[in-house]
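Trainee: here is my input, please return the structure:
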Amino acid sequence: MNQTSNPHTVDPELLEMLRCPLTRSRLRAEGDFLVAEVGGLSYPVRDGIPVMLIEEARLPAGVESLDALKAKLNL
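Mentor: Sure thing, here's the model as predicted:
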C-alpha cells in the first residue's frame, strides 16, 4: 500500500488471502469493515490494518450475540 492510498483500504492481494476466523469464508470490503460472506461478521479496518479478532467484529443486523450467530450457522 502506498502513502497516498486511503488508510482504510486493504490491499487487494491481502484481502484475497484473508478469511473469517469463525466461518473461514471470504471477506468483502464495505467501508471501514471487512464483511464475511458467510455469517456477516464485520471486522474493522484500522489504519489500513484488518483487525481479525472475533471479539472485535460487529455482529450482523438481527443477531444479538456471537453464540446466537454460531447456533444459526451450526458452528
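Trainee: okay, and for the protein, where does confidence drop off?
Mentor: In the predicted model, the chain carries pLDDT under 70 at residues 1-8.
Trainee: okay, strands next: where are they in it?
Mentor: Listed in chain order, the strands of the chain (DSSP state E) span 27-30, 33-36, 42-46, 49-50.
Trainee: those helices in this protein, which residues are they?
Mentor: Along the chain, the stretches classed as helices by DSSP state H are 12-17, 66-72.
Trainee: got a list of contacts for the last one?
Mentor: Translated: helix 66-72. Residues lying outside helix 66-72 but in contact with it, judged by C-beta atoms under 8 Å, 6 or more residues apart in numbering, are 22, 39, 41, 54, 59-60, 63. To be clear about C-beta, it is placed using only N, CA and C from the backbone, and glycine gets the same treatment.
Trainee: how far does that helix sit from the chain's center?
Mentor: With C-alpha atoms, centre = their mean, to the nearest Å as the basis, the distance from the averaged C-alpha position of helix 66-72 to the chain average is 16 Å.
Trainee: quick check: ChimeraX command selecting the buried ones in the contacts of helix 66-72.
Mentor: Selection of the buried residues among the contacts of helix 66-72 in ChimeraX, burial being defined by 16 or more other C-beta atoms under 10 Å:
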select :22,39,41,63
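Trainee: for stretch 14-25, buried residues please.
Mentor: 15, 20, 22-23, 25.
Trainee: would JSON lines of the strands of the chain with mean neighbour count and distance to Ala68 be doable?
Mentor: Formatted as JSON lines, the entries for the strands of the chain read as follows, by neighbours: other C-beta atoms under 10 Å; distance: least, C-beta to C-beta, whole Å:
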{"stretch": "strand 27-30", "mean neighbour count": "14", "distance to Ala68": "21"}
{"stretch": "strand 33-36", "mean neighbour count": "22", "distance to Ala68": "15"}
{"stretch": "strand 42-46", "mean neighbour count": "18", "distance to Ala68": "16"}
{"stretch": "strand 49-50", "mean neighbour count": "16", "distance to Ala68": "24"}
